[in-house]
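Q: coordinates only, sequence not included:
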């Protein structure tokens, strides 16, 4: 099997069940954006040395693949073999957020994305996951989407935000509070 098939040269791609669909469709946009988010999480992992963060991010990456698979499977083609995201997976993300917040303390103000390199990558991944969630929600407006996929994406962005704060905490990087009246540099 080779990577290229030439089957997508005309602007269509195959879904999990083999049916063909336009690459510009809401379904492809949704799972394609989840794929982009997964790549961003991988980039963040490459910039982080902490084993706790790495374990959470690895879990997220595997479950984002499940989200992609679910989104790439039309409702009529779902079977017991279709990868899923469970309510336990969502709870695992909530526990991770709680753990990170115990270390960083509660958030008392909006913060500007950045800090250490790992945190900056995590914030970018968070923003891409938010876009993936919007794309999946748009698909859910017109077709059936697993509610756990939507909830996982929502909780995933929260987890990545908390993870970025944790990465800054580990690095001793100061969080910059949003200054709505920031003055231009001289």
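A: Cool, the structure landed. Please read these numbers as outputs of a predicted model, since none were measured by experiment. Numbers count the residues shown, from 1 in each chain.

Q: What distance do you get for the residue most central in space within the chain to residue 151?
A: The residue lying closest to the centre of the chain (Cα atoms, centre = their mean) is residue 129, at 3.5 Å. Distance check for residue 129 against residue 151: by Cβ to Cβ, to the nearest Å, it reads 13 Å. For glycine as for every other residue, the C-beta is placed from the backbone atoms N, C-alpha and C.

Q: repeat for residue 61
A: To residue 151, residue 61 is 18 Å away according to Cβ to Cβ.

Q: and what of residue 38?
A: Distance from residue 38 to residue 151, by Cβ to Cβ: 17 Å.

Q: Who has more neighbours out of these two?
A: Just comparing residue 38 and residue 151: by other Cβ atoms under 10 Å the higher neighbour count belongs to residue 38, 22 against 16.

Q: and that one, that's in a strand?
A: No: Residue 38 sits outside any strand when classified using DSSP: H, G, I helix; E, B strand; the rest coil, being helix.

Q: In space, what's closest to it - neighbours in sequence excluded?
A: For residue 38, ignoring the flanking residues on the chain, the nearest one in space by Cβ to Cβ, 6 or more residues apart in numbering is residue 64 at 4.3 Å.

Q: name the element the one you found belongs to?
A: helix 51-71 (DSSP states H and E).

Q: how about that helix: buried residues?
A: 53, 56-57, 60-61, 63-64, 66-71 (16 or more other Cβ atoms under 10 Å).

Q: low pLDDT regions in this structure?
A: 1, 4-24 (pLDDT under 70).

Q: can you give me the strands in it?
A: Listed in chain order, the strands found in the chain under DSSP state E are 12-14, 20-22, 111-112, 176-177.

Q: With adjacent residues omitted, what lies nearest to residue 130?
A: Residue 130 sits nearest to residue 157 (Cβ to Cβ, 6+ apart), 4.9 Å away.

Q: burial of the one you found, as a residue count?
A: 21.

Q: can I assume it is in contact with residue 133?
A: Yes: Residue 157 is in contact with residue 133 according to Cβ atoms under 8 Å; the separation is 6.6 Å.

Q: Would you mind measuring from residue 47 to residue 30?
A: 27 Å.

Q: which one of these two has more residues nearby?
A: Comparing residue 47 with residue 30 by other Cβ under 10 Å, the one with more neighbours is residue 30, at 28 against 14.

Q: Isn't the residue nearest to residue 38 up against residue 39?
A: No: counting by Cβ under 8 Å, residue 64 does not reach residue 39; the two are 9.6 Å apart.
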